[in-house]
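> build me a structure from this.
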Amino acid sequence: MDARTQQQLTVAGATQTRMKPAQLWIEYFARGGVLSQIELEAYLLGVVGLSPVERDILALTLNEILQNTTSQYRVPYSTDAEVTSTNSTGQMISGSLDQAQEIVDQALSDLGAAGVSFLLPGEAEYQRLVAVDQTGLVDTAAEERFDRITRQAQEHFGVSSASVALITDRRQFLKSVVGPLGQNTPRDVALCNETIRRAGPLIINDTLADLRFRDNPLVTGEPRIRFYAGYPIFGTKGWAVGTFCIIDQKPRGFSADDQQELKALAMIIQQEINN
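The predicted structure follows:
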């Protein structure tokens, strides 16, 4: 079994366990592995290689974990001339590099955002952009199903603007907006670009008091954002495709109840996008 093929099939096994690399490292270390957590994560990302001994300890670790799951997948050892096993769909596979890559790609695709730990940043962003494209909403006309929610948010929170944003590779497109915001904004200055990196809300009570945003052109210039509250919207397979946000031209507080209301409205929008 050549090292590259075994590495790819190991990644496939790791995705089958649905364990985060940190959890996997604990199991591997308990079985006598000597790699640091960083080294193990680098191996799973294909950045570094390992000795046959360490590859096999990791394979043993994964196989013992997989025995306690419904998956029939097993990771080959370095001494195997050719692996014959079953993938997650029950199909027989053998150990060529192309077949290994196909298994990994399918496993990661099935996991979606839950498999981000096994992806390089560029690969994760590619998958996110695929999810954005699958919404079919970029550069489409306004729709009442979204507009009624942005109007409701603007009135409820007493802010100047509310919007539903989709974040593409280079810009922020507002599918729905009320208030003084342009429909397209460069992604690198959009505050929502920070929100999609989170699992929960981004609340900025006063942008001028926040080192990350006080020099942002949307703060120093029009629309002169002083308050921002955004919640990520997740598309297919858990990838963040955009945000639901509100802004105002004066700083303000935002209570726990406010955050719950913002989340509730964002979940309605998310459901509309994914239906």
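> show me where the stretch 151-275 of the chain has its helices.
With DSSP state H, counting those that start in this stretch, the ranges of helices along the stretch 151-275 of the chain come out as 192-195, 217-220, 256-274.
> want to throw those into a markdown table with distance to Pro180, mean neighbour count and mean pLDDT?
Yep, even glycine has a C-beta here, placed from its N, CA and C like the rest. As requested, the helices of the stretch 151-275 of the chain are exported to a markdown table (distance: least, CB to CB, whole Å; neighbours: other CB atoms under 10 Å; pLDDT from 0 to 100):
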| stretch | distance to Pro180 | mean neighbour count | mean pLDDT |
| --- | --- | --- | --- |
| helix 192-195 | 16 | 21 | 96 |
| helix 217-220 | 11 | 16 | 96 |
| helix 256-274 | 20 | 16 | 95 |
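> so which of these comes closest to Tyr73?
helix 256-274 (28.9 Å; CB to CB).
> what about Thr135, neighbour count?
17 (other CB atoms under 10 Å).
> over to Ala59?
22.
> can you pull the buried residues of stretch 58-75?
Buried residues in stretch 58-75, counting neighbours by 16 or more other CB atoms under 10 Å, are found at 58-62, 65-66, 71, 73-75.
> and the end-to-end length of stretch 35-51?
11 Å (CA to CA, to the nearest Å).
> whoops, stretch 197-205 was the one
Distance across stretch 197-205, first residue to last, is 19 Å (CA to CA).
> of all the residues in that stretch, which ones are buried?
For stretch 197-205, a neighbour-count test (16+ other CB under 10 Å) marks 201-204 as buried.
> avg pLDDT for that stretch?
The average of the pLDDT scores along stretch 197-205 is 94.
> chain center to it, what's the gap?
Stretch 197-205 has its C-alpha centroid displaced from the chain centroid by 15 Å (CA atoms, centre = their mean, to the nearest Å).
> ok, and what's touching that stretch?
Identification of contacts with stretch 197-205 by CB atoms under 8 Å, 6 or more residues apart in numbering yields 191, 194-195, 210, 213, 227-232, 240, 251-254, 259, 262-263.
> just stretch 211-222 next, same as before
Under CB under 8 Å, 6+ apart, the answer for stretch 211-222 is 180, 185, 189-191, 194, 204, 207-208, 224-226, 228.
> now, the most widely separated pair of these?
The span of those, defined through CB to CB, is set by Pro180 and Glu194 at 20.3 Å.
> and the helix or strand containing Arg4, what other elements does it pack with?
Take DSSP states H and E as the rule and Arg4 turns out to sit in helix 3-17. Judged by 3 or more CB pairs under 8 Å, 6 or more residues apart in numbering; DSSP states H and E, helix 3-17 is in contact with helix 21-30, helix 37-44, helix 52-66, helix 97-111.
> of all the ones you listed, which one comes closest to Gln134?
helix 97-111 (12.4 Å).
> mean confidence score for that closest one?
According to the model, helix 97-111 has a mean pLDDT of 64.
> how about stretch 16-32?
90.
> how about stretch 37-46?
The average pLDDT within stretch 37-46 is 89.
> contacting residues around that stretch?
7-8, 10-11, 14, 21-22, 24-25, 28, 33, 35, 48-50, 58, 117-120.
> let's go with 10 Å and repeat that
For stretch 37-46, the external contacting residues (CB atoms under 10 Å, 6 or more residues apart in numbering) are 4, 7-8, 10-11, 14-15, 20-22, 24-26, 28-29, 33, 35-36, 47-50, 54-55, 58, 104, 117-120, 123.
> so what's the residue count around the residue nearest to Val34 when sequence neighbours are not counted?
Distances taken as CB to CB, 6 or more residues apart in numbering put Glu54 closest to Val34, at 7.0 Å, once the chain neighbours are dropped. For Glu54, the neighbour count with other CB under 10 Å is 19.
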